[in-house]
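Q: Need a 3D model of the following:
(2 chains, ligands or ions: 4)
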Amino acid sequence: LFGRLTGSGKVLTEADLAPVLGAMKEHLMRKNVAAEIAERVVEGVGRELVGRRVAGFKGIKAEVRLALSASITRILTPKTSTDLLLSIRSKRASLSPAPYSLTFVGVNGVGKSTNLSKVAFWLLQNGLDVLIAACDTFRSGAVEQLRVHVSNLSLLGAVRGDGGSGRRVELYEKGYGKDAAGIAREAIAYAKENKFDVVLIDTAGRMQDNEPLMRALAKLVAVNSPDKIIFVGEALVGNEAVDQLTKFDRSLRDFSASSGLGAGRGRGIDGMLLTKWDTVDDKVGAALSMTYVTGQPILFVGCGQTYTDLRQLRVGHIVDALLRD
Amino acid sequence: MVLADLGRRINGALSSLSRAGTLDDALLDSTLKEICTALLESDVNVKLVASLRTRVKAQVKAALEADKTGGGRDAQKRNVVQKAVFDELVGLVNPGVEPYKPKKGQSNVIMAVGLQGNGKTTTCTKLAVYYQKRGFKSCIVCADTFRAGAFDQTRQSATKAKVAYFGSYTETDPVVIAAQGVEKFRKERFEIIIVDTSGRHKQEKDLFAEMEMIGEAVKPDMTVLVLDASIGQAAEAQSRAFKETANFGAIIVTKMDGHAKGGGAISAVAATQTPIIFLGTGEHLSDLERFAPEPFISKMLGMGDIQGLVEH
Ligand SMILES: Nc1nc2c(ncn2[C@@H]2O[C@H](COP(=O)(O)OP(=O)(O)OP(=O)(O)O)[C@@H](O)[C@H]2O)c(=O)[nH]1
Ligand SMILES: Nc1nc2c(ncn2[C@@H]2O[C@H](COP(=O)(O)OP(=O)(O)OP(=O)(O)O)[C@@H](O)[C@H]2O)c(=O)[nH]1
Ligand SMILES: [Mg+2]
Ligand SMILES: [Mg+2]
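A: Ligands and ions are numbered 1, 2, ... in the order given. Reported below is the predicted structural model:
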């Protein structure tokens, strides 16, 4: 009873916090954090702060900001290793090395094929041989799009400054209308035979509610058990981020488990690639929504349309951008 | 369409208003709060939602004040609220501007612009199919020389759609291709000439300058902003920038077959005072629906017509 205003401090109550948290929530939504996630994040901050002693009214705002910043940092900080090169090298160093495979999945037009090509460029630069599997056999021009990237990349690879021995990059394609899971399997076998280090599997964009297409993707995963399933999402997306990720992850797990095929049963999303970073200014909330939903790390950030526009996530930058007025 | 989700929630809020007793400030506030939450979760711009809430409140207050002497029944008061909400929602998607109507017997040039991957190329073919079906001689000019495989994409989908197309594997200047293609098709008396352009964003000044030059070269009768239904809070700034540079006269919202409710796109309408003309509802060539604001909102709220709201 008498504890509430002892000394210079004040013990925070829910009523004190409500207006400040409400304003914070709106602030996060303006930064393009999904409404549901903004709500849950500020709720967590509220729970943490109720009962804490602060100095004066000005103190409440500062305290909330501090707690929010810590909470966002915690959410965004990867819980599993993001060192892709290390995983690839350790797999390649095993006794009977199979190629390391990554599958890129996501809704239509987010930048799967383009950023897959950027990842290929990065892998080539790091001395790895890359095979690209054209498993989007649906969208017009999808195969030719990858062919152009592969021919650009081989030119770039050939001028590497390490004695002229540029790394190999090749396209594995079977045209349109075929079963994507089968092409991926053939590509991986081809890569093994020809000693490629990495296979990058491009898939067709699909809406998360489209069950037949989600089942087909789950089959690709179940049959081929890729080392990493990377969800490609765009920084532009708003509240849909939550639904996209929840449903991609769940459909992949459920449908691949029930398909009864192969070693990749029950697999979900292993990491994210967030694209079009260069189009949103400081409205970077999608990064928070996506990591909150999956608990998986953002492995790369796409920030432009050329091969070098691929970055590692800088948690500090996002926290700053999200909190900035 | 999933917009029905949003409609259901707004409707839910409105009907709980009907079930409750006396309409007082607290009830009005809680109803509006629920509606606003639903709008925010549908990506409607945060500032727009705030002003919608203020305006509905003011309208309702004014109506109730005016009615004081009459001692209006609660049912009437609730109608006032419903009507105000409906009008505001329609206002969001209805800028009250008539879009360009293509005319037969002449060349109508339509230029598609927009952010990367939002569905321009797909929508260009859909539009060509749409107008072709209605007796317009239609064609597509691929003025995207940037994206890998862009011309192949146009070539393959136009071929599938049996629509004439123009493009080049060797020319690297989109302005040149656009001018050549449009001139050729004008000469051949095509009635609908659709110019597809590369994806771009406001942060890249050069890309915007290029869009302006293509516009000057082809003198479009109508420029269309193609916008992905899933866009969030960036919608306003991007669409404003496109409006300033390309002065588009219509919006097409794509990927409405997904789960997205398109609130970002609706915010673009409000920010640019430009009407939506079509919705893209799938990856196939016929997945294009005409758009009209009032039926759209009525459908969204699951109502037959507006009258249903005004009368009881
Ligand atoms: N500004 C910007 N544009 C990007 C970025 N990543 C990809 N894009 C562009 O987004 C558009 C779509 O990219 P794609 O790679 O074809 O997307 P996708 O997900 O493979 O598309 P579908 O296979 O059709 O589902 C292209 O114009 C890319 O250049 C990025 O980080 N920034
Ligand atoms: N589900 C669905 N997918 C669509 C719709 N419209 C376009 N798409 C898909 O979205 C992706 C991108 O479409 P594009 O037409 O290549 O987009 P764009 O704007 O031309 O892309 P850039 O030229 O790279 O800027 C493709 O996978 C299309 O099939 C739609 O209404 N619904
Ligand atoms: Mg692709
Ligand atoms: Mg295109």
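
Q: use CA for all of it now, contacts and neighbours both
A: Noted.

Q: Return the residues of the stretch 1-150 of chain A in contact with ligand 1.
A: A:107-115 (C-alpha under 6 Å from any ligand atom).

Q: Pull out the buried positions in stretch A:228-246.
A: A:228-246 (16 or more other C-alpha atoms under 10 Å in any protein chain shown).

Q: if you look at those residues, which of them are in strands?
A: A:228-234 (DSSP state E).

Q: got the residues of the stretch 201-312 of chain B near chain A?
A: B:201-203, B:230-234, B:257-260, B:264 (C-alpha under 8 Å from any C-alpha of the partner chain).

Q: and the two most separated of the residues you listed?
A: B:Gln203 and B:Asp257 (29.1 Å; C-alpha to C-alpha).

Q: who has more neighbours, these two?
A: B:Asp257 (20 against 14; other C-alpha atoms under 10 Å in any protein chain shown).

Q: returning to that earlier point: just send the ones in strands among the buried residues of stretch A:228-246 back as JSON lines, with pLDDT and distance to A:Ala67 too.
A: JSON lines is the format used below for those (pLDDT from 0 to 100; distance: C-alpha to C-alpha, whole Å):
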{"residue": "A:Lys228", "pLDDT": "97", "distance to A:Ala67": "33"}
{"residue": "A:Ile229", "pLDDT": "98", "distance to A:Ala67": "33"}
{"residue": "A:Ile230", "pLDDT": "98", "distance to A:Ala67": "31"}
{"residue": "A:Phe231", "pLDDT": "98", "distance to A:Ala67": "29"}
{"residue": "A:Val232", "pLDDT": "98", "distance to A:Ala67": "30"}
{"residue": "A:Gly233", "pLDDT": "98", "distance to A:Ala67": "28"}
{"residue": "A:Glu234", "pLDDT": "98", "distance to A:Ala67": "27"}
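
Q: filter those by proximity to chain B?
A: Okay, of those, nothing touches chain B (C-alpha under 8 Å from any C-alpha).

Q: Rebuild those as TSV, extending it with distance to ligand 2.
A: As requested, those are exported to TSV (distance: C-alpha to the nearest ligand atom, whole Å):
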residue	distance to ligand 2
A:Lys228	22
A:Ile229	19
A:Ile230	17
A:Phe231	15
A:Val232	13
A:Gly233	13
A:Glu234	13
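
Q: Of those, which is the nearest to chain B?
A: A:Glu234 (9.2 Å; C-alpha to the nearest C-alpha).

Q: Spit out the contact partners of the nearest residue in space to that closest one that is not next to it in sequence.
A: Of all residues not flanking A:Glu234 in the chain, A:Thr275 sits nearest, at 4.6 Å (C-alpha to C-alpha, 6 or more residues apart in numbering or on different chains). A:Thr275 makes contacts with A:110-111, A:115, A:232-235, A:301-303, as judged by C-alpha atoms under 8 Å, 6 or more residues apart in numbering or on different chains.

Q: cutoff 7 Å now
A: A:111, A:233-235, A:301-303 (C-alpha atoms under 7 Å, 6 or more residues apart in numbering or on different chains).

Q: Now render the residues of the stretch 1-150 of chain A next to ligand 1 as JSON lines, adding distance to A:Ala216.
A: Shown next, in JSON lines, are these (distance: C-alpha to C-alpha, whole Å):
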{"residue": "A:Val107", "distance to A:Ala216": "14"}
{"residue": "A:Asn108", "distance to A:Ala216": "15"}
{"residue": "A:Gly109", "distance to A:Ala216": "18"}
{"residue": "A:Val110", "distance to A:Ala216": "19"}
{"residue": "A:Gly111", "distance to A:Ala216": "20"}
{"residue": "A:Lys112", "distance to A:Ala216": "17"}
{"residue": "A:Ser113", "distance to A:Ala216": "18"}
{"residue": "A:Thr114", "distance to A:Ala216": "22"}
{"residue": "A:Asn115", "distance to A:Ala216": "22"}
